[in-house]
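Enquirer: The following block contains a protein sequence and its predicted model.
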Amino acid sequence: MTITIPVVSASGAQSTVTVPDPVVTSSGVLNLPRVEWEGGPNYWKQFAKPDAAGWDDPSFFMIGIMPCPFDAQEQIAWDKDHGINTYVGGLHQWTTWKMLGTNNMYYVGEHVNSIYDGQMPADYPNLVGYLLDDETDGRYQPAEGFAFLQGKVDQLRARNDGRFLNNNYTQLCNLTSWPYGPQYVNKYQDAVCMDMYWYTIPDASFSHGTAGEYVCGPITKPRSASAYGAMVRGLRIQDAKDSKRQPVWFYIELLSGSPGEQFVRDIAPNELKGAAMSAIIAEARGLVWFNNVASESKAVGNVLRSAQYDTNFRGKTQVAAMKVVNQQIKRLAPVLNTQSYVWSFGTGLDTMLKTHAGYAYVFAMCSNNSTPGSRTFTLPTGVRGTSVEVVDENRTLAVSAGKFTDTFAAEYSYHIYKVAL
Amino acid sequence: MATFNVTAAWDKPAYTAGEQMTATITGDYSGTTTSTATVGPVTIPVVANSGAQSTVSVPAVQVTTTATVSEVVLIDTARPVVDPSGRTWVVSADRKSIKATA
């Protein structure tokens, strides 16, 4: 590539002279404000167990599953091969928990007492954190929920054993009309989680979730991938209210989050991938796959295990899609574990901008209130590449005057762009 | 034949992001100038052996002279610098260089 300079002689004769594109060594960062964060991988250095386990390694990104007990090497190997690195709750007396250590898999739960492996030792290194509860905000009146959690926190903090505390909440904590969210989100745990299965819950569940009632603003298309990211943004807004950030994780249904009394639908494979990437774009620091189906007519006790052993299982394509997106996230962990930049690429987009090893990475989807189609991205100063690699899609796009254009075919479509700094 | 003998070069082999980059042009333009002059008419006196005198006239003739000259070359600010990367280049006051931030 060259730069062309126009020249003119004293007598008015015109010509041009070219000069090769200058060699620019990137400083690796952009001159843009950063998205507030909890510290990324370094956050885990304050907890001895996850620190020793390598959670502070930039190549680690928490991908959990709940509940997903195992009792054979082939099962934990299957889970790991599908990109899972952490079990969140759900291990029980028939779980061969010693396989956690031999497989470099982690548990966020409580010490397991197994008929096969006995009592998990107090200092077992692969038990990296304690799970306080699940959906406490939805199961208790606020005063009772607060008291319940405080009791658990007092008990577990007293162990002083280098483990973090985690809890999962419902969408209630993101509602503007519900004043108890900030206390739940900020007072009890070190890593906060939320579930909201937008694709597979009944339409009636949207009644208190639309029309701008969420702290993150209106979710105009609830049954869409971008609604998952919106909830992560809302949870981060609540988390910021004490001026002390913690990692935000988000649950996504591996097959269906429909309630026990009413089956609505299964999530589609592309929807599943889009929901995961939407949560990531919204700055989720971990994903947890919801691994059962409660609906009586379509109940599944362990989606991942059913896909392993049942050749006719209806959720095989969803599990395969989860593997694809999990492995993509794992490959991109060193990028995801950097602090994002604040930058608006254009209208109708949800994006996340990061830099790593001389490249800018743009994670992008259509915004919730927009229609899929063409989008134009305006790159910030300091992103100098003239072509864009579309990660994992085997195609490139041209940059012209600092802009490039691409198409999003569906609401769940996402693209990851890599451009030289 | 008129020729531009101009090259451009960077002031450093490489830049760190944020640095000022400068490309300077050097060289000249070799052009030709043509001048035309009229020579004559010329009157030549002539004489015969007998001593008779007269004159003979040679008509005027056009004489064309071509000379090679060197001209200063400057950056043409009436036309844009073309940079596919979209950087904004500023032409220096002496019109000998362009500058941008790496």
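Expert: Ah, there it is. Model, not experiment: these values are computed from the prediction.
Enquirer: show me where chain B has strands.
Expert: All strands of chain B, identified by DSSP state E, fall at B:3-10, B:15-16, B:20-39, B:42-47, B:53-58, B:61-75, B:90-91, B:97-101.
Enquirer: and the last one, is it in reach of chain A?
Expert: Yes. Under the criterion of CB under 8 Å from any CB of the partner chain, chain A is reached by strand B:97-101 at B:Ile98. Backbone N, C-alpha and C define where each C-beta goes, glycine included.
Enquirer: Just give the closest residue to B:Val81, not the sequence neighbours.
Expert: B:Trp89 (4.4 Å; CB to CB, 6 or more residues apart in numbering or on different chains).
Enquirer: right, I mislabeled it, should have said A:Gly257
Expert: A:Tyr197 (2.5 Å).
Enquirer: What of A:Phe250?
Expert: A:Ala279 (4.3 Å).
Enquirer: part of a helix, is the one you found?
Expert: Yes. Per DSSP: H, G, I helix; E, B strand; the rest coil, A:Ala279 lies within a helix segment.
Enquirer: Flag the shaky bits of the chain, pLDDT-wise.
Expert: No chain in the question, so chain A it is. A:207-212 (pLDDT under 70).
Enquirer: What parts of it come near chain B?
Expert: A:1, A:3-11, A:13-15, A:17-19, A:21-27, A:31, A:382, A:384, A:386, A:399-402, A:421.
Enquirer: Sheet-wise, list the partners of the helix or strand of chain B with the lowest mean pLDDT with their directions.
Expert: Scoring the helices and strands of chain B by mean pLDDT, DSSP states H and E places strand B:15-16 at the bottom, with a mean of 80. Applying DSSP bridges to the sheet, strand B:15-16 is found paired with strand A:24-25 (parallel).
Enquirer: Okay, and which of the residues of chain A next to chain B map to strands?
Expert: Among the residues of chain A next to chain B, the ones falling in strands (DSSP E) are A:3-9, A:14-15, A:17-19, A:24-25.
Enquirer: Narrow those to just the buried residues.
Expert: A:Ile3, A:Ile5, A:Pro6, A:Val7, A:Val8, A:Ser9, A:Ser15, A:Val17, A:Val19, A:Val24 (16 or more other CB atoms under 10 Å in any protein chain shown).
Enquirer: in stretch A:318-337, what counts as buried?
Expert: Going by neighbour count (16+ other CB under 10 Å), the buried part of stretch A:318-337 is A:318-319, A:321-326, A:328-329, A:332-337.
Enquirer: mind listing what A:Ser11 touches?
Expert: When contacts are counted by CB atoms under 8 Å, 6 or more residues apart in numbering or on different chains, A:Ser11 touches B:Tyr29, B:Gly31, B:Glu71.
Enquirer: do that again at 7 Å, thanks
Expert: Applying CB atoms under 7 Å, 6 or more residues apart in numbering or on different chains, we find A:Ser11 in contact with B:Gly31, B:Glu71.
Enquirer: just the helices in the stretch 51-200 of chain A please.
Expert: A:73-81, A:98-102, A:136-139, A:142-157, A:181-187 (DSSP state H, counting those that start in this stretch).
Enquirer: Turn the ones you listed into CSV, columns for distance to A:Val88 and mean neighbour count.
Expert: As requested, the helices of the stretch 51-200 of chain A are exported to CSV (distance: least, CB to CB, whole Å; neighbours: other CB atoms under 10 Å in any protein chain shown):
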stretch, distance to A:Val88, mean neighbour count
helix A:73-81, 12, 16
helix A:98-102, 13, 17
helix A:136-139, 15, 18
helix A:142-157, 16, 15
helix A:181-187, 18, 20
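Enquirer: Distance to A:Pro125 added to those helices, as TSV?
Expert: Below are the helices of the stretch 51-200 of chain A laid out as TSV (distance: least, CB to CB, whole Å):
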stretch	distance to A:Pro125
helix A:73-81	16
helix A:98-102	7
helix A:136-139	28
helix A:142-157	17
helix A:181-187	28
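Enquirer: who wins for proximity to B:Ala93 among those helices?
Expert: When the helices of the stretch 51-200 of chain A are compared by CB to CB, helix A:181-187 sits nearest B:Ala93, at 58.2 Å.
Enquirer: Would you mind writing the CA trace of the closest one as CSV?
Expert: Output of helix A:181-187 as CSV, limited to C-alpha atoms (Å, rounded to 0.1, in the frame of the first residue of the first chain):
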residue,chain,number,x,y,z
GLY,A,181,-32.1,-5.4,43.7
PRO,A,182,-29.1,-3.3,44.7
GLN,A,183,-28.8,-4.9,48.1
TYR,A,184,-29.1,-8.4,46.7
VAL,A,185,-26.6,-7.7,44.0
ASN,A,186,-24.0,-5.8,46.2
LYS,A,187,-24.1,-7.1,49.7
